[in-house]
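**Q** got a structure for you, letters missing:
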């Protein structure tokens, strides 16, 4: 806040320049908020501490909106003409909310987290922190060493836990939930194992290409028309050699605009396990413009 007060003493051009630099730096706070939302809050909820996820997440979004508004205002000529108004209406509220959030974190959130979370919880948070990124600091070298050591020595394999429940590294589903989840996805999936044998396909109600159960156990080369086999062979060869991880196609088919992606499936050591073919109709996406953030109430009434 003191920096903003100092900035106000400069000339208009210098003030706007410094404010833009400040806003660019402040955007890094997004990593910090996402870390709280996606890594810390879920663990707190497991211990019945629901307040942060219900209240703080909402405050995060308010700060995001204030930051977006301030950033947009910094590029408007009107802000140059009415600099004091811009600072009092856009910058000061943003700074106050950010500082208020820091106070809540240091006096409520972090002490409660240290009290409630177990060492194993913090290890899980550390393991996923790199995916979120860091705010105002470089990736901690010591933390990286711990994470890498864990990755080398702890490999969590899927298992059938109780009855028909499948335990995965990121959660647990029973077989019925898993099947209907895969069948409800807005795209068709087909899995081909490392020996080019078709092992599975999702039973989507609006499947684009016909699949019958007789395809299971067949070589994938026998499931494509002759003119496509050469392309399939080249894709699989590149996947097996580690030269490629995906291959994309898009075609017009039966009044649909179809996107097809072949994805190489690998384990944690990059060993090739097989290929997933993903197919979806993207015709509706081509007309999308702008953003949609609000619920259409009439569709859910």
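**A** On my side now, so go ahead. Predicted model, so just to flag it, every value in this text is computed and none were measured.

**Q** Please report how far residue 275 lies from residue 267.
**A** As defined by CB to CB, to the nearest Å, residue 275 lies at a distance of 14 Å from residue 267. To be clear about C-beta, it is placed using only N, CA and C from the backbone, and glycine gets the same treatment.

**Q** low-confidence ranges in this protein?
**A** 1-10, 144, 147-162 (pLDDT under 70).

**Q** which residue ranges form the helices in it?
**A** 2-7, 12-26, 29-35, 41-46, 51, 57-73, 77-81, 83-86, 92-104, 110-116, 119-132, 141-153, 175-184, 226-240 (DSSP state H).

**Q** Which of these sits closest to residue 262?
**A** Closest of the helices of the chain to residue 262 is helix 226-240, at 5.3 Å (criterion: CB to CB).

**Q** Residue ranges of each domain in the protein, please.
**A** 2-152, 155-182, 185-287 (automatic domain parsing).

**Q** Report the distance from the last one to the chain centre.
**A** Here domain 185-287 shows a centroid-to-chain-centroid distance of 23 Å under the convention CA atoms, centre = their mean, to the nearest Å.

**Q** give me every residue that touches residue 193.
**A** Going by CB atoms under 8 Å, 6 or more residues apart in numbering, residue 193 touches 199, 273-274.

**Q** I'd like to know the beta-bridge partner residues of it.
**A** As for beta bridges, residue 193 partners with residue 274 under DSSP bridges.

**Q** which one of the helices of the chain lies closest to residue 169?
**A** Checked against CB to CB, the stretch from the helices of the chain lying closest is helix 119-132, at 10.0 Å.

**Q** Between residue 275 and residue 267, which has more neighbouring residues?
**A** A direct count of neighbours by other CB atoms under 10 Å for residue 275 and residue 267 places residue 275 higher, at 23 against 10.

**Q** As JSON lines, the domains of the chain with distance to residue 293 would be great.
**A** Below are the domains of the chain laid out as JSON lines (distance: least, CB to CB, whole Å):
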{"stretch": "domain 2-152", "distance to residue 293": "10"}
{"stretch": "domain 155-182", "distance to residue 293": "25"}
{"stretch": "domain 185-287", "distance to residue 293": "17"}
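
**Q** So which of those domains is nearest residue 301?
**A** Ranked by CB to CB, the member of the domains of the chain that lies closest to residue 301 is domain 185-287, at 22.8 Å.

**Q** what's the span of that closest one from first residue to last?
**A** 21 Å (CA to CA, to the nearest Å).

**Q** now swap in stretch 211-230 and tell me
**A** Termini of stretch 211-230 sit 21 Å apart (CA to CA).

**Q** buried stuff in it?
**A** Across stretch 211-230, burial judged by 16 or more other CB atoms under 10 Å covers 211, 215, 220, 223.

**Q** Give me the residues contacting that stretch.
**A** 188, 190, 192, 196-201, 232-233, 236, 275.

**Q** Give me the buried entries from those.
**A** Buried among the contacts of stretch 211-230 (16+ other CB under 10 Å): 188, 190, 192, 196, 198, 201, 232, 236, 275.

**Q** right, and the fourth one touches residue 236 too?
**A** Which is residue 196. Yes - the pair residue 196 and residue 236 passes the contact test of CB atoms under 8 Å, sitting 6.3 Å apart.

**Q** still on that earlier bit, residue 28: which of the contacts of residue 193 is nearest?
**A** Distances from residue 28 to the contacts of residue 193, taken by CB to CB, are shortest for residue 273, at 36.9 Å.

**Q** Thank you kindly, that will do.
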